[in-house]
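1. Here is a sequence with its predicted model. Questions after.
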Amino acid sequence: MFVAAGTPPDIVLNIQQTLAKALADPKVREVWPRPGRLRSATRPPSFDAQYKADIARYARVIEQAKIQRLD
């Protein structure tokens with residue numbers, strides 16, 4: 001889940017905690033079982049670091065595969 005840049009940290013934390021609680025509910029897990037879907041709600045700093053690492057990793061894959069940009 002993403003929020004707008006500049007969202008106050010207390011609101012971001014509240015969203016994260018609410019999402020974590022929902023994802024811990026077995027009823028939610030029953031209808032959200034497929035691989036690739038969010039399975040846990042990481043804290044914002046951890047999510048930010050992972051997101052930036054993913055962008056860098058996929059940028060390298062795109063570059064190595066010589067995938068052309070579509071405008």
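-> Thanks, I have the structure now. Residues are numbered from 1 along each chain as shown.

2. residues in contact with the helix or strand where residue 59 lies?
-> For residue 59, the element it lies in under DSSP states H and E is helix 44-64. Outside of helix 44-64, the residues within contact range by Cβ atoms under 8 Å, 6 or more residues apart in numbering are 9, 12-13, 16, 42. Where you see a C-beta, it was placed from the backbone N, CA and C, and this is true even at glycine.

3. Identify the farthest-apart pair in these.
-> For the contacts of helix 44-64, the maximum inter-member distance is 15.1 Å, found between 9 and 42 (Cβ to Cβ).

4. distance of residue 43 from residue 9?
-> Here residue 43 is placed at a distance of 11 Å from residue 9 (Cβ to Cβ, to the nearest Å).

5. Is it correct that residue 11 is in contact with residue 17?
-> No - between residue 11 and residue 17 there is no contact under Cβ atoms under 8 Å: 10.8 Å.

6. Looking at residue 43 and residue 9, which is more packed in?
-> For residue 43 versus residue 9, neighbours defined as other Cβ atoms under 10 Å are more numerous around residue 43 (12 against 8).

7. Following the chain past the host helix or strand of residue 21, name the next helix or strand.
-> Using DSSP H and E, residue 21 sits within helix 9-24. Of the helices and strands lying after helix 9-24 in sequence (DSSP H and E), the nearest is helix 26-31.

8. which outside residues touch that next one?
-> 22-23.

9. for it, the distance to its chain's centre please.
-> Taking Cα atoms, centre = their mean, to the nearest Å, the mean C-alpha location of helix 26-31 is offset from the chain mean by 19 Å.

10. quick check: mean pLDDT across that helix?
-> Across helix 26-31, pLDDT averages out at 82.

11. pLDDT weak spots in the chain?
-> Along the chain, the parts satisfying pLDDT under 70 run over 33-41.

12. Mind doing that once more with 80?
-> Applying pLDDT under 80 to the chain flags residues 1, 29-47, 71.

13. Need the residue in it that's farthest from the chain's center.
-> No residue in the chain sits farther from the centre than residue 66, which is 26.2 Å out by Cα atoms, centre = their mean.
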